[in-house]
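Asks: Provide a 3D model corresponding to the input given below.
(2 chains)
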Number of protein chains: 2
Amino acid sequence: MFSFQITAKNSRARTGIFTTPHGDLITPVFAPVGTQATVKTLTPEHLKDINASLVLSNTYHLYLRPGDELVRDMGGLHKFMQWHKPMLTDSGGFQVFSLAQTRKIDDDGVTFKSHIDGSTHRFTPEKSIAIQENLGADIIMAFDECSDPNDAAYSKIAMARTHRWAERSLKVKTRADQALFGILQGGVDPHLRAESANFIASLDTPGIAIGGLSVGETKEEMYSTLDVVTPLLPEGRPRYLMGVGTPEDLIQGVLRGIDIFDCVLPTRLARHHSAFAPEGRLNLMNASFSRDERPIDETCDCYACITFTRAYIRHLIVAKEFLAGTLISIHNLRALIRLMEQIRIYIAEGSFEARVPELLSQWANNAKRIKPEGHKG
Amino acid sequence: MFSFQITAKNSRARTGIFTTPHGDLITPVFAPVGTQATVKTLTPEHLKDINASLVLSNTYHLYLRPGDELVRDMGGLHKFMQWHKPMLTDSGGFQVFSLAQTRKIDDDGVTFKSHIDGSTHRFTPEKSIAIQENLGADIIMAFDECSDPNDAAYSKIAMARTHRWAERSLKVKTRADQALFGILQGGVDPHLRAESANFIASLDTPGIAIGGLSVGETKEEMYSTLDVVTPLLPEGRPRYLMGVGTPEDLIQGVLRGIDIFDCVLPTRLARHHSAFAPEGRLNLMNASFSRDERPIDETCDCYACITFTRAYIRHLIVAKEFLAGTLISIHNLRALIRLMEQIRIYIAEGSFEARVPELLSQWANNAKRIKPEGHKG
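Replies: The predicted structure is shown next:
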């Protein structure tokens, strides 16, 4: 049911096709984040219009609200949110560590309090998989523990636990129409990362995820970690770099052999009035845009850019109209999806590696990360 | 440039075509309210999808933010908000009386403080027309004074002032591509209303608006006021009942010869999670909808109803996702626009009057008005 075929390579960068029950993913691919079974402020029609192919949703959030059993009973996540293309759910691990109140980790699992109402819950690998089977995404994740990258001792403990949890996740998985990806951890220690890459690659999974990056380490640490990890991973399985990233991180990730990315950055920036533009990120609330008759990006083909001026979007922001967030979300997501489309063409024609400096320079003013807030979408 | 052709009549009810520079309006018509140059949470594409033909925007709001001169310099309201079908702006009078802080009315105009920042401004008939000429809607309104319908003495004074202001509005109007409608007032006093109808009808305007209703009087008072007024108005000009209304008010208004309506009700209800449905207004936040797999209205052809379940929309509301407001707005607006489409067909085939009891009974559970808040959209 799941197969991955690499159609072209440029050194470590690859383009390929990952087959899922809800259609083919052309990789490398950027997935918009639909935290609570919706990409914030957008309809599924908007997502189709920007050529989104994979949407991520969050196990932690959906378990708490509306509940994974409800989603199952409503026909699963695809039907519930009316997104009939490939979907991915994370394991809930990252949110438990970043969002939930007062958590207690033991070797069996994690007990935590909901950030919504303080109620107590427990996630184990078995529970995470059960929830994800109820949700029904095409790609699901092993339950993992994300460590502070700057705490080497903790990174080692968390990695070891993540490995045992990956085995347990794999063991209890029952649905043939879901691809379970193991997640490798190890902080920024190259030895731990290598050990984790080898261990997770040894499991029989259709894909491999790289967790614990873009969570506080530097960009250089992230790139050198990828340089350690991806050469150890089997060629024939897609690699998913979780929670990444900025345009620069996408380019650098693809260069290092990453196939799948997701990040809240484009939609979260949009809600803070910030738009990707050729001259860098624009805060469209600035008075300087009040009479700017240009679109956000004259080179962009999204609905917001072919239709509206910066002046109008600035007015919507100042007037506190939600449509501003919708329009900037459409543009920011389209910008990253278009970047990936461009990268795929470059890989296919063999020019990607040579064009990396040009791509990085195009996006240099849009490179800044945002503070991690736990995949809030 | 403006012409009104009645194509069918059913007693006092009429269906016709009002020609404007941005296309024909098939009447009777319901106009969604786009207070601040946007129908809240919707794109112009959504408005096209629900077959909206006329959109109202508010002079008071746009004058304050982003400023009518800015809108003019950006090419006018149609271009600014990318709505290329007919538009209507009100005169700002109603908002000055209902929204602005500390206002002082004299025979020349009104001095008021902005509800946004407390700054002092002055509207006169001349100023209102100048603003509306900058905005550039197809249909514009004479500056008027809306009285408390239950204060007969004040209603008389406000009516007299409204008449003088209508003459002044007409005198300063310069654009040939805008149809200025006079507004008749007079509270709920039939003598004042008759006097106002005769006076406003005596002015050379392509259409006539009826103001000061749905502002605190009873439904019976509104209908009997219409019974006094519309027989006095010339047949050949469209009649616009401002700020109305509920489905019941639309049916009763058409029955009494009204051609144009606008109201914030559908979009405001949507933001309060309330949807028009066959069984009555549904508060979709209710737990009873958490597993309801039906659409809001099984008979509705809108995007929300053909795509999503009540369970999903209820989840969006509980999870505080703005998409809920978008989807319910699409449905509520479509419901009223579809009602008008149905009414037009009935008038054309000569069955409208006979079908009024049936229509009223279909909508009986959706009849309740909301508290007036001044066209806030």
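Asks: for chain B, see how far away the residue in chain A sticking out farthest from the centre is.
Replies: What lies farthest from the middle of chain A is A:Arg291; by C-alpha atoms, centre = their mean that is 35.4 Å. Distance, A:Arg291 to chain B, using C-beta to the nearest C-beta, to the nearest Å: 6 Å. C-betas here are computed from N, CA, C, even on glycine.
Asks: which residues touch that residue?
Replies: A:Arg291 is in contact with A:Ala311, B:Leu70, B:Asp73, B:Met74, counting by C-beta atoms under 8 Å, 6 or more residues apart in numbering or on different chains.
Asks: 10 Å instead, please
Replies: A:Thr309, A:Arg310, A:Ala311, A:Arg314, B:Pro66, B:Leu70, B:Asp73, B:Met74 (C-beta atoms under 10 Å, 6 or more residues apart in numbering or on different chains).
Asks: so which bits of the stretch 1-150 of chain A are right by chain B?
Replies: A:34-46, A:49, A:61-62, A:64-67, A:70-71, A:73-75, A:79-82, A:116 (C-beta under 10 Å from any C-beta of the partner chain).
Asks: buried ones from those, can you make that a ChimeraX selection?
Replies: With 16 or more other C-beta atoms under 10 Å in any protein chain shown as the criterion, this ChimeraX line picks the buried residues out of the residues of the stretch 1-150 of chain A next to chain B:
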select /A:34,35,36,37,38,39,40,41,42,43,44,46,49,61,62,64,65,66,70,71,74,80,81,82
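Asks: hey, where'd the helices end up in the stretch 1-150 of chain A?
Replies: A:44-49, A:59-64, A:68-73, A:77-81, A:93-98, A:125-135 (DSSP state H, counting those that start in this stretch).
Asks: I'd say A:Asp189 and A:Asp148 touch.
Replies: No: under the criterion of C-beta atoms under 10 Å, A:Asp189 makes no contact with A:Asp148, lying 11.9 Å away.
Asks: between those two, which has more neighbouring residues?
Replies: Taking neighbours as other C-beta atoms under 10 Å in any protein chain shown, A:Asp189 and A:Asp148 compare with A:Asp189 leading, 18 against 15.
Asks: got the contact list for that one?
Replies: A:Ser147, A:Pro149, A:Ala152, A:Ser155, A:Lys156, A:Met159, A:Glu195, A:Ser196, A:Thr225, A:Val228.
Asks: shared neighbours of A:Asp189 and A:Asp148, anything?
Replies: Common neighbours of A:Asp189 and A:Asp148 (C-beta under 10 Å, 6+ apart) are A:Ser155.
Asks: SS state for A:Ala209?
Replies: Under DSSP: H, G, I helix; E, B strand; the rest coil, A:Ala209 falls in the strand class.
Asks: wait, doesn't it sit right on A:Ala142?
Replies: Yes: counting by C-beta under 10 Å, A:Ala209 sits close enough to A:Ala142 to count as a contact (8.0 Å).
Asks: list residues touching both of those two?
Replies: A:Ser91, A:Ala166, A:Leu180, A:Phe181, A:Gly182, A:Ile183, A:Leu184, A:Ile200.
Asks: OK, contacts around the fifth one?
Replies: For A:Gly182, the contacting residues are A:141-142, A:144, A:162-163, A:165-167, A:169-170, A:196, A:199-205, A:207-209, A:211, A:237, taking C-beta under 10 Å, 6+ apart as the criterion.
Asks: need the next SSE after whichever strand or helix holds it, C-terminal direction.
Replies: Assigned by DSSP states H and E, A:Gly182 belongs to strand A:179-184. Sequence order places helix A:190-202 as the next helix or strand after strand A:179-184, per DSSP H and E.
Asks: now do the buried residues in that following helix.
Replies: A:Leu192, A:Arg193, A:Ala194, A:Glu195, A:Ser196, A:Ala197, A:Phe199, A:Ile200, A:Ala201.
Asks: between the residues you listed, which sits nearest chain B?
Replies: A:Ile200 (32.4 Å; C-beta to the nearest C-beta).
Asks: hang on, that closest one packs against A:Leu180?
Replies: No: using C-beta under 10 Å, A:Ile200 is not in contact with A:Leu180, being 11.4 Å away.
Asks: now do the shared contacts for those two.
Replies: A:Ala142, A:Ala166, A:Ala209.
Asks: what bridges to the last one?
Replies: What that stands for is A:Ala209. Beta-bridge partners for A:Ala209, by DSSP bridges, are A:Ile183, A:Tyr240.
Asks: per-residue confidence at it?
Replies: As predicted, A:Ala209 sits at a pLDDT of 98.
Asks: low-confidence regions, chain A specifically.
Replies: A:369-377 (pLDDT under 70).
Asks: can you tell me which helix in it is longest?
Replies: When chain A is parsed with DSSP state H, its longest helix is helix A:323-349.
Asks: alongside chain B, which residues does the stretch 151-300 of chain A contribute?
Replies: Residues of the stretch 151-300 of chain A lying near chain B (C-beta under 10 Å from any C-beta): A:Arg271, A:Ser290, A:Arg291, A:Asp292, A:Glu293.
Asks: restricting to C-alpha, output stretch A:243-259 in CSV.
Replies: Below are the C-alpha coordinates for stretch A:243-259, written out as CSV (Å, rounded to 0.1, in the frame of the first residue of the first chain):
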residue,chain,number,x,y,z
GLY,A,243,8.5,20.8,12.6
VAL,A,244,10.8,22.4,10.1
GLY,A,245,10.8,25.0,8.8
THR,A,246,11.9,28.3,7.4
PRO,A,247,12.5,28.6,3.7
GLU,A,248,16.2,28.4,4.4
ASP,A,249,15.7,25.2,6.4
LEU,A,250,13.7,23.6,3.6
ILE,A,251,16.4,24.3,1.1
GLN,A,252,19.2,23.1,3.5
GLY,A,253,17.1,20.1,4.4
VAL,A,254,16.4,19.0,0.9
LEU,A,255,20.1,19.4,0.1
ARG,A,256,20.8,16.9,2.9
GLY,A,257,18.3,14.4,1.6
ILE,A,258,15.1,15.3,3.5
ASP,A,259,11.8,14.4,1.7
